[in-house]
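*Asks:* Structure for this input, please:
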Amino acid sequence: MKAFKYLSPKTVEEAIAFHGQHSETSKFIGGGTDVIVKLKEGWMEPDFLISLKKIEEMSELHKNEATQELSIGAMVTHATLEKSLMIQNDYPIIYDAVSNIGSLQVRNVGTIGGNLINAVPSADGAIPLIALDGVALLHGPDGERSCDVKDIFVAPYKTILKPGEILKKIAIPPQASNTGSAYIKFGRRAAMELPLIGIGVLLTLDETKEICIKARICLGVAAPVPMRAFGAEKLLVGKKINEEILIEAGKIAADESKVRDSVRGKAWHRKEMIRVHVRRIGLKCLEIIKNNS
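*Replies:* Numbering: from 1, shown residues only. Predicted coordinates for the structure are as follows:
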């Protein structure tokens with residue numbers, strides 16, 4: 001592994017300034033679960049590593065009591081999200097996803113921002129944030145800008161981030177009452193591994209708790225980047241939600257997916273998992289809404 005200098009800025013502005021000084025010879029590092037592997041295997045050889053660990057605002061997790069907006073700093077670890085009672089109670093889809101990322105050791109150091117910025121099709125953390133209509137706040141040499149989390153991804157391992165730009169935090173808008181959400185990850189075995197498919201569903205019902213007024217069906221490892229099944233979502237909105245319509249939504253979501261054969265699984269199998277489990281997770285969402293009433 002090539003020798004490098006380690007820089008520890010205390011503010012986002014300082015980190016961006018360091019990158020500007022060292023340009024293409026520097027690399028930002030968060031938890032390091034991905035970067036360290038690439039360094040050891042020679043996939044990258046920066047002269048400078050710019051750590052984001054000491055930037056306090058990027059490690060903050062809090063909900064604004066006035067607006068009910070949830071703010072997740074990009075350096076918040078998976079373990080922090082997993083252990084948060086607020087996340088467990090109010091955002092079960094996030095808990096479902098982060099509690100299945102890697103091992104305990106990985107979750108203790110890996111960050112939600114890193115999970116997004118790595119832009120792998122199998123990023124568990126991306127699915128709940130897309131389903132919750134998350135907005136990413138980016139900060140770079142040209143100042144701040146924002147985008148929907150679903151629009152961060154361009155291609156496998158490629159995002160919209162410009163050189164020197166940092167994912168600062170993710171903002172989750174207030175969740176409506178009568179909302180249920182859940183995520184499930186499937187692998188070839190019950191052990192630490194990348195998912196064959198990841199499925200997240202969010203449903204919001206009206207005051208009668210029968211008619212759907214909002215639906216999100218989000219898929220991981222179903223396309224080159226995490227995706228929403230817009231056709232399946234459209235089917236559900238305005239309809240009474242029951243098992244039969246969720247079965248139909250599962251079929252549409254499977255057809256919308258762009259799954260492919262790989263060494264870890266066949267496309268037909270992935271489609272079948274989507275078809276079956278959109279229904280199952282949708283029913284779980286209904287159960288969550290019922291239990292919270």
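
*Asks:* Against which helices or strands is the longest helix seen in the chain packed?
*Replies:* Using DSSP state H to define each element, the chain has its longest helix at helix 267-291. Packing partners of helix 267-291 (3 or more C-beta pairs under 8 Å, 6 or more residues apart in numbering; DSSP states H and E): strand 179-186, strand 197-205, helix 243-256. Yep, even glycine has a C-beta here, placed from its N, CA and C like the rest.

*Asks:* Contacts for stretch 259-279, please.
*Replies:* Here stretch 259-279 makes contact (C-beta atoms under 8 Å, 6 or more residues apart in numbering) with 184, 186, 188, 194, 196-197, 199, 201, 217, 219, 221-223, 229, 232, 243, 246-247, 249-251, 253-255, 257.

*Asks:* ok, now with 6 Å
*Replies:* 186, 196-197, 199, 222, 246-247, 249-251, 253-254, 257 (C-beta atoms under 6 Å, 6 or more residues apart in numbering).

*Asks:* from these, which is closest to Ile172?
*Replies:* Nearest to Ile172 out of those is Ile199 (C-beta to C-beta; 19.4 Å).

*Asks:* His269 versus the closest one, what's the distance?
*Replies:* 14 Å (C-beta to C-beta, to the nearest Å).

*Asks:* These two - which one has more neighbours?
*Replies:* Taking other C-beta atoms under 10 Å, Ile199 and His269 do not tie; Ile199 has more neighbours (28 against 14).

*Asks:* which residues touch that one?
*Replies:* Ile199 neighbours (C-beta under 6 Å, 6+ apart): 184, 219, 277, 281.

*Asks:* how about 10 Å then?
*Replies:* 127, 182-186, 217-222, 229, 250, 253, 273-274, 276-278, 280-282 (C-beta atoms under 10 Å, 6 or more residues apart in numbering).

*Asks:* Parallel or antiparallel, list what pairs with the strand or helix carrying Ser71.
*Replies:* Here Ser71, judged by DSSP states H and E, is contained in strand 70-73. Strand pairing for strand 70-73, using DSSP bridges, gives strand 61-63 (antiparallel), strand 166-172 (antiparallel).

*Asks:* just checking, Ser257 touches Leu219?
*Replies:* Yes. Counting by C-beta atoms under 10 Å, Ser257 does reach Leu219; the two are 5.8 Å apart.

*Asks:* Show me whatever sits in contact with both of the two.
*Replies:* 197, 227, 229, 232, 270, 273-274.

*Asks:* Which of those residues sits closest to Leu167?
*Replies:* Distances from Leu167 to the shared contacts of Ser257 and Leu219, taken by C-beta to C-beta, are shortest for Met227, at 19.7 Å.
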